[in-house]
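In: just a sequence and a predicted model for now, questions to come.
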2 protein chains.
Amino acid sequence: MATVVRRGDTGTAERILDVAERLVQTKGFNAFSYADVAGELRLSKPSLHYHFASKADLGAALIDRYAARFADALRGIDSTATTSSSKLRDYAHLYADVLDQQRMCLCGMLAADFDTLPAPMRRSVVRFFDDSEAWLTGVLDAGRSDGTLHFAGSAREQAQLVISALEGAMLVARSYHDAARFRAAAEHLIAALAATPATRRSRR
Amino acid sequence: MATVVRRGDTGTAERILDVAERLVQTKGFNAFSYADVAGELRLSKPSLHYHFASKADLGAALIDRYAARFADALRGIDSTATTSSSKLRDYAHLYADVLDQQRMCLCGMLAADFDTLPAPMRRSVVRFFDDSEAWLTGVLDAGRSDGTLHFAGSAREQAQLVISALEGAMLVARSYHDAARFRAAAEHLIAALAATPATRRSRR
DNA sequence: GTCTATAACGAGATAGAC
DNA sequence: GTCTATCTCGTTATAGAC
């Protein structure tokens, strides 16, 4: 019988997820194999199939865990950040941390592989973006209400732009092996939302 | 002996490139095979190898042709668009046209596959982004000089943000099968650059 | 829960005929 | 320039022993 899953779980299933996650984030879902994971963990391929019957099951589990951790991180931001603009910066920092490990966002990578994914994985990828969008929409709405953020159009559309820009900045920055490139783009993006109109008029 | 390559070339090599391009843009470089292309063109796999000895050669040829066409399109914009802001809109339109065919930007897709690509393909992908960045930097610089565009920081960094945001918006919008999502993001991105400070202050 | 062995298939690539 | 036949390897997955 399974023990209670705890933080820092070192069980085989978790270790499989750890390795598979890194491989998907760096190479994509179609460019890693059970053999890659098994070899790295010094396990046989059938052992992997014992824990995750099919690659589709493994993929779905990867997204579930990634999305759960991401949701935790967002709750963490809500409980520590004080201003809308600092929440935006913390949000961008989540992405920067992933890129610092030479990885793409798991769901950004899977979005590229989207047409080749089994339906359950597709749905989970979309749900990940939906969840991020909902959280960001709340932050942007609150920031506009209290006058600390400024933007045109709906908060929801602006949230979609922020997600897209950060995912794209990760995607491109990885081709340059240059995390600074991502940070500069994120900085400009957030600065444009946080700047007062007066600040924007002239850069003193 | 090869005939002069002309517009609308229907030679076998071009038809192979056409099919392979679409497959890479929709499924990624690692999720399409010579068999896929051969089957669609009713050719055998060895026939494909006659035209492109290896998959790496085919991939390199894909990027070369795509980049050449993209450069042509940028020259077309330069020769028709009158304002910096209309050039930006035309540029975003190039991406929208690709997305309307249910495709990802070829080099955006290859950026996701980057870690698995042969070195020559990697270099060509980076060159594609560099060329776009150089062109956009010129447009942004000119727009700021004549007062029609407004942004903080260097034109180069802003160009990098624009490319990232458009690539990311394509990537995410494809997961939603929703080209309107891309258009809205592109619109907001360009509006933020083209808006006068007064326009931004209040949305009257 | 992990293993060896193997099935069944698809990949990129080559030899050589036409 | 295209073909058939084949090679070699890697892929996901299963059977069944321990």
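Out: Structure received. Remember, it's a predicted structure, so these values are computed and weren't measured experimentally.

In: where does the prediction get shaky in chain A?
Out: In the predicted model of chain A, residues A:1-8, A:197-204 satisfy pLDDT under 70.

In: show me where it has its helices.
Out: Along chain A, counting by DSSP state H, helices occupy A:12-27, A:34-41, A:45-51, A:55-80, A:84-100, A:106-112, A:119-145, A:155-175, A:179-194, A:197-201.

In: relative to DNA strand D, how far out is residue A:138?
Out: Computed with Cβ to the nearest atom of the strand, to the nearest Å, the distance linking residue A:138 and DNA strand D is 38 Å. Just so you know, the C-beta spots here come from the backbone N, C-alpha and C atoms, and that holds for glycine as well.

In: contacts only, for the nearest residue to residue A:106 once chain neighbours are set aside.
Out: Leaving aside its sequence neighbours, residue A:106 sits nearest to residue A:66 (Cβ to Cβ, 6 or more residues apart in numbering or on different chains; 4.6 Å). Residue A:66 makes contacts with A:21, A:106-107, A:128, as judged by Cβ atoms under 8 Å, 6 or more residues apart in numbering or on different chains.

In: quick one: residue A:66 and residue A:94, what's the gap?
Out: As judged by Cβ to Cβ, to the nearest Å, residue A:66 and residue A:94 stand 11 Å apart.

In: centroid residue for chain A?
Out: residue A:105 (4.4 Å; Cα atoms, centre = their mean).

In: quick one, phi/psi of that residue?
Out: For residue A:105, the backbone dihedrals (degrees, to the nearest 10) come out as phi -50, psi 130.

In: near DNA strand C, which residues of chain A are found?
Out: A:2, A:11-12, A:42-47, A:50-51 (Cβ under 7 Å from any atom of the strand).

In: restrict these to contacts with DNA strand D.
Out: Answer for the residues of chain A next to DNA strand C near DNA strand D (Cβ under 7 Å from any atom of the strand): A:45-46.

In: which PyMOL command selects the buried ones in the residues of chain A next to DNA strand C?
Out: The PyMOL selection below is limited to those of the residues of chain A next to DNA strand C classed as buried (16 or more other Cβ atoms under 10 Å in any protein chain shown):
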select buried, chain A and resi 43+51
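
In: okay if I get the residues of chain A next to DNA strand C as a markdown table plus distance to residue B:80?
Out: Shown next, in a markdown table, are these (distance: Cβ to Cβ, whole Å):
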| residue | distance to residue B:80 |
| --- | --- |
| A:2 | 65 |
| A:11 | 61 |
| A:12 | 61 |
| A:42 | 61 |
| A:43 | 60 |
| A:44 | 62 |
| A:45 | 57 |
| A:46 | 61 |
| A:47 | 61 |
| A:50 | 62 |
| A:51 | 58 |
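
In: what is the nearest of the residues of chain A next to DNA strand C to residue B:77?
Out: Using Cβ to Cβ, residue A:45 is the member of these that sits closest to residue B:77, with 51.7 Å.

In: from residue A:53, how far off is that closest one?
Out: Taking Cβ to Cβ, one finds residue A:45 at 12 Å from residue A:53.

In: swap in residue A:121?
Out: According to Cβ to Cβ, residue A:121 and residue A:53 sit 15 Å apart.

In: the two - which one has more neighbours?
Out: Of the pair residue A:121 and residue A:53, residue A:121 is the one with more neighbours under other Cβ atoms under 10 Å in any protein chain shown, namely 24 against 10.

In: distance of the residue lying closest to residue A:102 once chain neighbours are set aside relative to residue A:38?
Out: Take residue A:102 and drop its neighbours on the chain: the residue closest to it by Cβ to Cβ, 6+ apart is residue A:26, 6.6 Å away. For residue A:26, the distance to residue A:38 (Cβ to Cβ) stands at 17 Å.

In: with residue A:30 instead?
Out: Distance, residue A:30 to residue A:38, by Cβ to Cβ: 18 Å.

In: phi, psi of residue A:151?
Out: phi -160, psi 160.

In: number of residues surrounding it?
Out: 22.

In: quick one: contacts for the nearest residue to it once chain neighbours are set aside?
Out: Using Cβ to Cβ, 6+ apart and skipping residues adjacent in sequence, the residue nearest residue A:151 is residue A:158, 4.9 Å away. Applying Cβ under 8 Å, 6+ apart to residue A:158 gives the contacts A:140, A:151, A:193, B:188.

In: most neighbours, which of those residues?
Out: When neighbours are counted by other Cβ under 10 Å, residue A:140 leads the contacts of residue A:158 with 24 neighbours.

In: now do the same contact list for the closest residue to that residue other than its chain neighbours.
Out: Closest residue to residue A:140 apart from its sequence neighbours, by Cβ to Cβ, 6+ apart: residue A:155 at 4.0 Å. Contacts for residue A:155 (Cβ under 8 Å, 6+ apart) come out as A:137-138, A:140-141, A:144.

In: what about 7 Å?
Out: By Cβ atoms under 7 Å, 6 or more residues apart in numbering or on different chains, residue A:155 lies in contact with A:137, A:140-141, A:144.

In: up against DNA strand D, what does chain A have?
Out: For chain A, the contact set with DNA strand D under Cβ under 7 Å from any atom of the strand comprises A:32-36, A:45-46, A:49, A:53-56.

In: of those, buried ones?
Out: Listed as buried from the residues of chain A next to DNA strand D are A:32, A:34, A:55; burial here means 16+ other Cβ under 10 Å.

In: now the residues you listed in TSV, with distance to residue B:180?
Out: Output for these, formatted as TSV (distance: Cβ to Cβ, whole Å):
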residue	distance to residue B:180
A:32	33
A:34	39
A:55	33
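
In: out of these, flag the one nearest to DNA strand C.
Out: residue A:34 (10.3 Å; Cβ to the nearest atom of the strand).

In: how about the closest residue to residue A:193 other than its chain neighbours, phi and psi?
Out: Excluding its sequence neighbours, the residue lying closest to residue A:193 (Cβ to Cβ, 6+ apart) is residue A:149, at 5.1 Å. Taking degrees, to the nearest 10, you get phi -120, psi 150 for the backbone angles of residue A:149.

In: could you do residue A:10 as well?
Out: phi -110, psi 20.

In: what's stretch A:169-185 in contact with?
Out: The contact list for stretch A:169-185 (Cβ under 7 Å, 6+ apart) reads A:95-96, A:99-100, A:104-105, A:108, A:165, A:186, B:108, B:111-112, B:114, B:125-126, B:129, B:157, B:160-161, B:163-164, B:167-168, B:171.
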